[in-house]
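**Q** whatever this is, show me its structure:
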Amino acid sequence: MPAGATSGSSQPSGSKRSRHFRPVSFKESESGSRWDALVGVRAQYDFSDRWYIPYYADVGTGESDYVVDLLGGVGYRFQRLDLLAGWRYMKYDFGDDWVMKTMTINGPLVGVEFSFGSKSTH
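**A** Numbers count the residues shown, from 1 in each chain. Presented below is the predicted three-dimensional model:
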């Protein structure tokens, strides 16, 4: 069971349109960091010597109200590298006393894992 801590900081910036349709830039002047303790599970299910399903989930709290991080996908093993496609969902609820109240990252992912040295076939 993985466990740990995370720290993040934010300094929001961006742009918006005025009522005259001209871009207006802004930058939030407040910045800082948060510390949260996390606990989770990370595993994979091998349904052949090459194909597998990796997944993990962790949750936490601390200075933030809560943190959630979930991932699921499918992977294929070659001799020295793995290819992975999946979905990741992350949500931070920073609470009402923070510049950015919540942050959600949600969407597909693709990845490559290289192995140097001997690689087990699980």
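**Q** helices of the chain, start to end?
**A** For the chain, no helices are identified by DSSP state H.
**Q** which strands or helices does the top strand by length along the chain pack on?
**A** The residue-count maximum for a strand in the chain (DSSP state E) belongs to strand 32-46. Packing partners of strand 32-46 (3 or more Cβ pairs under 8 Å, 6 or more residues apart in numbering; DSSP states H and E): strand 3-10, strand 51-62, strand 66-77. C-beta coordinates here come from the backbone N, C-alpha and C atoms, glycine included.
**Q** give the buried residues for that strand.
**A** Of all the residues in strand 32-46, those buried under the rule 16 or more other Cβ atoms under 10 Å are 34, 36, 38, 40.
**Q** ok, the third one touching residue 67?
**A** Yes. At 6.6 Å, residue 38 and residue 67 qualify as touching, with contact defined as Cβ atoms under 8 Å.
**Q** can you list the low-confidence ranges for this structure?
**A** Low-confidence segments of the chain, defined by pLDDT under 70: 1-32, 118-122.
**Q** for residue 86, which non-adjacent residue is closest in space?
**A** residue 73 (2.0 Å; Cβ to Cβ, 6 or more residues apart in numbering).
**Q** got it, and residue 76?
**A** Excluding its sequence neighbours, the residue lying closest to residue 76 (Cβ to Cβ, 6+ apart) is residue 83, at 5.0 Å.
**Q** phi and psi next, for residue 116.
**A** phi -110, psi 130 (degrees, to the nearest 10).
**Q** what number of residues lie near the residue nearest to residue 76?
**A** Residues contacting residue 83 under the criterion other Cβ atoms under 10 Å number 13.
**Q** kindly report the same for residue 92.
**A** Neighbour tally, residue 92, other Cβ under 10 Å: 24.
**Q** likewise residue 49?
**A** Residue 49 is flanked by 9 other residues according to other Cβ under 10 Å.
**Q** surely it meets residue 77?
**A** Yes. The pair residue 49 / residue 77 is scored as a contact, 7.4 Å apart, by Cβ under 8 Å.
**Q** nice, that's everything, thank you.
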